[in-house]
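# 3D model of this:
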Amino acid sequence: MTTYDPASILEGLTAGQVIPYLGPAVLGLDGSTAVPSAPDTLVELITAKVTVPHKIRKNLTAAGQYIENFKHRKTLVGLLNEAFAAPPEPTALHRFLATLPLPLIVDVWYDASMAAALAGRSDFGQVQGVSRSEHFNQWVHYFHADGSAAEETEAAGWKTLLYKPLGSIAPASNFILSDSDYVEVLTEIDIQTPIPERVKEIRTGRNFLFLGCRFRNQLERTYARQIMKRSSDLHWAVLTEEPTRNELRFLAEQNIRRIDVPLGEFAQQLLGGELALQAA
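Presented below is the predicted three-dimensional model:
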């Protein structure tokens, strides 16, 4: 188990030095959730409504591509809209992060919980990855706090930028999910073209804290690696389950220190430390 100091991580968060990188498992921190909180759950939902070949029924990106090819892109988007239709329910961790002066929050799932937690503020905005099959020659779209469209130049004035690289149901149903969606991004991500300029500016010299994420497949590792590029040389990831060989190699390569405690326990340590700071 990696030795870590929750107080120093909390200090980094409150100073805006540590960037939270949220994965789907964060959704289950306060109990059950009305929207899918894992790729496996999401692919089960969409393949229960549209028949796909058995060999790809558990592969989210391949199943998405099959539906896109044989049932049209609109069918895939409709299924995703259904899957994430329930009103967002921010967890205590989402609400806690929304109180901090964080210049950047990365959220790699399709729900709108983090944006809902930030909704009481007018000084944040979103940038979301978009499918180039729907938005020709575009990589991202920007949105104000109220969900209205924004210009890229406005992002520099936001105190907090919520970066949703895979898109989000809100405010405009943007989803990067199918094989072809990822092919478009992966052909350019090594030279950083799909990464927003403002994200590149903010990440420089900062640390990342991975919460509710895994790095089991190449897509998960590639996105994390490219979003982290040119940041600090030290990061943390809360990973209770035993990492795979590829995950261990990735953690070592990126100097990500594994925090081997349950995510809920770690979140409570952060929230408890914040309460102690407020009482001091």
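
# my guess is Lys159 contacts Pro103, does it?
Yes: between Lys159 and Pro103 there is a contact under Cβ atoms under 8 Å: 7.2 Å. (C-beta placed from N, C-alpha, C; glycine too.)

# So which of those two has more stuff around it?
Applying other Cβ atoms under 10 Å to Lys159 and Pro103 shows that Pro103 carries more neighbours, namely 18 against 13.

# packing partners for the helix or strand hosting Ala224?
Take DSSP states H and E as the rule and Ala224 turns out to sit in helix 218-228. Contacting helix 218-228 under the criterion 3 or more Cβ pairs under 8 Å, 6 or more residues apart in numbering; DSSP states H and E are the following elements: helix 179-189, helix 197-203, strand 207-211, helix 245-253.

# what residues does the second one touch?
Counting by Cβ atoms under 8 Å, 6 or more residues apart in numbering, helix 197-203 makes contact with 19, 103-104, 106, 127, 152, 155-156, 161, 163, 192, 227-231, all of which sit outside it.

# The last one now?
The set of residues external to helix 245-253 that reach it, using Cβ under 8 Å, 6+ apart, is 214-216, 221, 224-225, 237, 239, 243, 256-258.

# ok, now the third one?
Outside of strand 207-211, the residues within contact range by Cβ under 8 Å, 6+ apart are 9, 12-13, 17-23, 25-26, 93, 106, 224, 227-228, 231-232, 234-239, 256, 263, 266-267.

# what pairs with it, and is each one parallel or antiparallel?
strand 18-22 (parallel), strand 235-238 (parallel) (DSSP bridges).

# Kindly export that strand (C-alpha atoms) in PDB.
The C-alpha trace of strand 207-211 is given here as PDB (Å, rounded to 0.1, in the frame of the first residue of the first chain):
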ATOM      1  CA  ASN A 207      -0.600  17.100 -10.300                       C
ATOM      2  CA  PHE A 208      -3.600  14.800 -11.100                       C
ATOM      3  CA  LEU A 209      -5.700  12.900  -8.700                       C
ATOM      4  CA  PHE A 210      -7.600   9.900 -10.300                       C
ATOM      5  CA  LEU A 211     -10.800   9.000  -8.600                       C
END
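
# what angle separates that strand from helix 218-228?
Using axes from the mean of the first three to the mean of the last three Cα atoms, to 10 degrees, one finds that strand 207-211 and helix 218-228 are set 150 degrees apart in direction.

# Same question for the longest one.
Angle between the axes of helix 179-189 and helix 218-228 is 40 degrees (criterion: the same axes, to 10 degrees).

# Any buried residues in helix 179-189, and which?
For helix 179-189, burial by neighbour count (16 or more other Cβ atoms under 10 Å) applies to 179-182, 184-185, 189.

# Could you do the second one as well?
For helix 197-203, a neighbour-count test (16+ other Cβ under 10 Å) marks 198-199, 202-203 as buried.

# Equivalent analysis for stretch 208-228, please.
208-215, 219-224, 226-228.

# Same check on stretch 84-91?
For stretch 84-91, burial by neighbour count (16+ other Cβ under 10 Å) applies to 84, 88-91.

# would TSV of those residues with pLDDT be doable?
Formatted as TSV, the buried residues of stretch 84-91 follow (pLDDT from 0 to 100):
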residue	pLDDT
Phe84	98
Pro88	96
Glu89	95
Pro90	97
Thr91	97
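
# now stretch 232-252, how far from the centre of its chain.
17 Å (Cα atoms, centre = their mean, to the nearest Å).

# now swap in stretch 148-168 and tell me
How far stretch 148-168 lies from its chain's middle: 14 Å, per Cα atoms, centre = their mean.
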